[in-house]
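> Show me how the following folds:
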Amino acid sequence: MGRVYILGGYQTDFARNWAKEGKHISAMLMEVMDGAFAETQIEPKEVESIHVGNFAAELYTKQGHLGAMVLSYHPDLKGIPTARHEAACASGAVATLAGRCEIEAGHYDLVMVIGVEYMRSVDSKTGGDYLGTAAWYEKEAKGISFPFPKLFGKLGELYDELYGLKYEHLAEISAINYANAKKNPLAQTRDWYMSKAHACSTGGYNTSVGGMIRTSDCSQVTDGAAAIFLASQRYAQEYAKKRNIPLEKIPYIMGWGHATAPLLFEEKVEEARRLRQKGEYILPATRKAILDAYRRAGLRGAEDLDAVETHDCFTTSEYAAIEHFGLTPPGEAWKAIEEGEIRIDGKLPFNPSGGLIGAGHPVGATGVRQILDAWRQVTENAGDYQVEGAKRVATLNIGGSATTNVVHIIGVD
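Below you'll find the predicted structure:
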C-alpha cells in the first residue's frame, strides 16, 4: 500500500456573503474547482473520482445531490464516480477519508475532495435550528434557541465539575485565534477586533449564548468552500517530475484516525464522569481518533507535531483538544494556555490559520480547509501565519457534540 499524497488545492474567501452577492451554491462549487485546477495545474480529464463534503445544503439552499452538481464544471468530468458525504461538521474530513480509501485500494490515482457550505442564506435563529440537526434533534435541539452553543456550554460546565475551569482560559483561546486570523488573508474575521479583555467582558458586545459560552467563544456562520487533490504515489511521482520538484517535498497523509461517540451528549457526560474517576481523558472517541492517527503515522505523540489545526467550533472544544492531543495530562489544558504553548510561536501552535473562530466555519468545508492549511504549513505556503519549520501538522475535525472525530496528520519527509 503506497502513500496518499496531497497536491494542494484552493479555498474561497471565507469573509464573503454569497447570498448578498446573489449567487447560488453551484457558483461556489464552480469557483473552488476553478481555483483548485488553476493552483495545481491539474486538468479535469485527469480526475478519476470526486467526493463532496456537505452538511445541510438541503436546508440552507434547498439543494441536494451535490456530488452530481460538480460535474457541470467541465465536460471531461462527465461519467466519473462522485458522492456527497454528510457527518455534520466533520463532513469534509469524512469525504477525505473516502477519497484516501479509493487511492489506497488501488482504484484511482487522482481524487478531488471538495468541502462546501452555504450558510448565510437564512437568519441566525433559523440557522441555529438547522445546526441543531447535528445533535439528536428531537431530544436536544427542537424548540431550543441556538442549541449548539448550549451543548458546548455544557462541555465547559462538565470540565468545571470534573477539574475546575476558569473562563479566562477560554478567553485566551479566543484572543489567540482572532489574532492568528489577522495574519490570514482568507479568514472571515481578519478585519475584526478581539482581545482577551473584550472576550472576558459581558454585555451588549459580548452576550451570553449558552452557559459559560459567550459570543466571543463561538465559531462563525460562514459561506465557503475548499478543495484538495489526493494522489497515488505513481501519480505524485509523475506530477513532481513534470514540475521539477522532489517527491519528498510533496506532503502526504502520514496517519489518520476516525472514531464516533454516541449521538446524545448526556451519554458522553455519563461516560466522562466514569473516565475521570480512572484518571483518563473524558472524550474517549476523540482521544482514540488521535491515538490511531499517531500510531499510523509512527509518531510518539504531541511532541512529534509542529502544529495543530483543531475544531474550535467553540473555545471549549479547543480546550478539550489541547489535552486530548496529549499536550497536557487530563484536566490540565489551562497550563499549556497560561504558558503560551498554543500560541503561533509556542511549543505546539494551535490554529495558526485562526481556526473556526477566526478563519470561519462553513460546516461542510472545514475539514477540507484544515487539511489544505496543513498542506500550506508543511510546504511553507502559509504566508504570515507560517509556523517556522513545520513538517508535521495534525488536523482534528469534529461533527456534532464531539460525536464524529476525524484526525489527519499531514507531513513531509
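
> Tell me how many other residues crowd residue 45.
By other CB atoms under 10 Å, 11 other residues sit near residue 45. In short, each C-beta sits where N, CA and C put it, glycine included.

> what's the answer for the one 10 residues further on, then?
The tally of other residues near residue 55 (other CB under 10 Å) stands at 29.

> three-state assignment of it?
What DSSP: H, G, I helix; E, B strand; the rest coil gives for residue 55 is coil.

> And it, how close does it get to residue 89?
Note on residue 55: its distance to residue 89, by CB to CB, to the nearest Å, is 7 Å.

> what do those two both touch?
Common neighbours of residue 55 and residue 89 (criterion: CB atoms under 8 Å, 6 or more residues apart in numbering): 134, 363.

> Residue 256 contacts residue 100, doesn't it?
Yes. Between residue 256 and residue 100 a contact is recorded at 7.0 Å, counting by CB atoms under 8 Å.

> where along the stretch 201-350 of the chain do the helices fall?
233-242, 265-277, 284-297, 315-324, 333-338 (DSSP state H, counting those that start in this stretch).

> Out of the ones you listed, which is closest to residue 63?
Nearest to residue 63 among these is helix 315-324 (28.6 Å), distances taken as CB to CB.

> in the least confident helix or strand in the chain by mean pLDDT, what's buried?
Ranked by mean pLDDT, DSSP states H and E, the helix or strand of the chain with the weakest confidence is strand 208-210, at a mean of 86. Judged by neighbour count (16 or more other CB atoms under 10 Å), strand 208-210 contains these buried residues: 209-210.

> tell me which strands and helices that strand is in contact with?
Contacts defined by 3 or more CB pairs under 8 Å, 6 or more residues apart in numbering; DSSP states H and E place strand 208-210 against helix 147-162.

> so what secondary structure elements neighbour the helix it packs on?
Contacts defined by 3+ CB pairs under 8 Å, 6+ apart place helix 147-162 against helix 124-131, strand 208-210, strand 213-214, helix 265-277, helix 315-324.

> neighbouring strands for the second one, and are they parallel or not?
The sheet places strand 208-210 alongside strand 213-214 (antiparallel), with pairing taken from DSSP bridges.

> my read: residue 412 touches residue 391, true?
Yes. Using CB under 8 Å, residue 412 is in contact with residue 391, at 5.7 Å.

> Need the residues touching each of these two.
Taking CB under 8 Å, 6+ apart as the contact rule, residue 412 and residue 391 both touch residue 378.

> need the contact list for residue 213.
When contacts are counted by CB under 8 Å, 6+ apart, residue 213 touches 149-150, 152-153, 156, 314-316.

> Count the neighbours of the residue nearest to it when sequence neighbours are not counted for me.
Nearest non-adjacent residue to residue 213, counting by CB to CB, 6 or more residues apart in numbering: residue 153, 4.1 Å away. By the measure other CB under 10 Å, the count of residues near residue 153 is 21.

> could you measure residue 153 against residue 139, distance?
To residue 139, residue 153 is 17 Å away according to CB to CB.

> Kindly report the same for residue 191.
39 Å.

> Wait, residue 151 touches residue 135, no?
Yes. If you go by CB under 8 Å, residue 151 and residue 135 touch, sitting 6.3 Å apart.

> Quick check: neighbours shared by those two?
Counting by CB under 8 Å, 6+ apart, the common neighbours of residue 151 and residue 135 are 265, 401.

> Quick check: closest non-adjacent residue to residue 195.
Leaving out its chain neighbours, residue 195 is closest to residue 175 (CB to CB, 6+ apart), at 5.7 Å.

> Check which helix or strand the one you found maps to.
For residue 175, the host element (DSSP states H and E) is helix 167-181.

> and that helix, C-alpha only, in CSV?
Taking Å, rounded to 0.1, in the frame of the first residue of the first chain, the C-alpha atoms of helix 167-181 are listed here in CSV:
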residue,chain,number,x,y,z
TYR,A,167,-13.3,31.5,31.9
GLU,A,168,-10.1,33.5,31.4
HIS,A,169,-8.5,30.4,29.8
LEU,A,170,-11.4,30.2,27.2
ALA,A,171,-11.0,34.0,26.6
GLU,A,172,-7.3,33.4,25.9
ILE,A,173,-8.1,30.8,23.3
SER,A,174,-10.5,33.2,21.6
ALA,A,175,-8.0,36.0,21.6
ILE,A,176,-5.2,33.8,20.1
ASN,A,177,-7.4,32.6,17.3
TYR,A,178,-8.6,36.1,16.4
ALA,A,179,-5.0,37.3,16.4
ASN,A,180,-3.9,34.5,14.1
ALA,A,181,-6.8,35.2,11.8
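
> So for that helix, what gets flagged as buried?
In helix 167-181, the ones that count as buried by 16+ other CB under 10 Å are 167, 169-181.

> can you check stretch 5-21 too?
So stretch 5-21, judged by 16+ other CB under 10 Å, has buried residues 5-12, 14-16, 18-19.

> Out of those, the closest to residue 95 would be?
Relative to residue 95, the closest of these is residue 9; by CB to CB it sits at 12.7 Å.

> Give the helix, strand or coil label for that closest one.
Assigned by three-state DSSP, the conformation of residue 9 is strand.

> Who does it form a beta bridge with?
Judged by DSSP bridges, the bridge partners of residue 9 are residue 228.

> quick one on the thing from earlier: out of the helices and strands packed on helix 147-162, nearest to residue 249?
Nearest of those (CB to CB): helix 315-324, 28.9 Å.

> Any idea how far that closest one is from the middle of the chain?
Chain-centre distance of helix 315-324: 14 Å, with CA atoms, centre = their mean, to the nearest Å.

> Stretch 106-118 now?
Centre-to-centre, stretch 106-118 and its host chain are 16 Å apart (CA atoms, centre = their mean).

> How about stretch 214-225?
A distance of 12 Å separates the centroid of the chain from that of stretch 214-225, by CA atoms, centre = their mean.

> first to last residue in it, what's the distance?
27 Å (CA to CA, to the nearest Å).

> One more: stretch 345-365?
From its first residue to its last, stretch 345-365 covers 27 Å (CA to CA).
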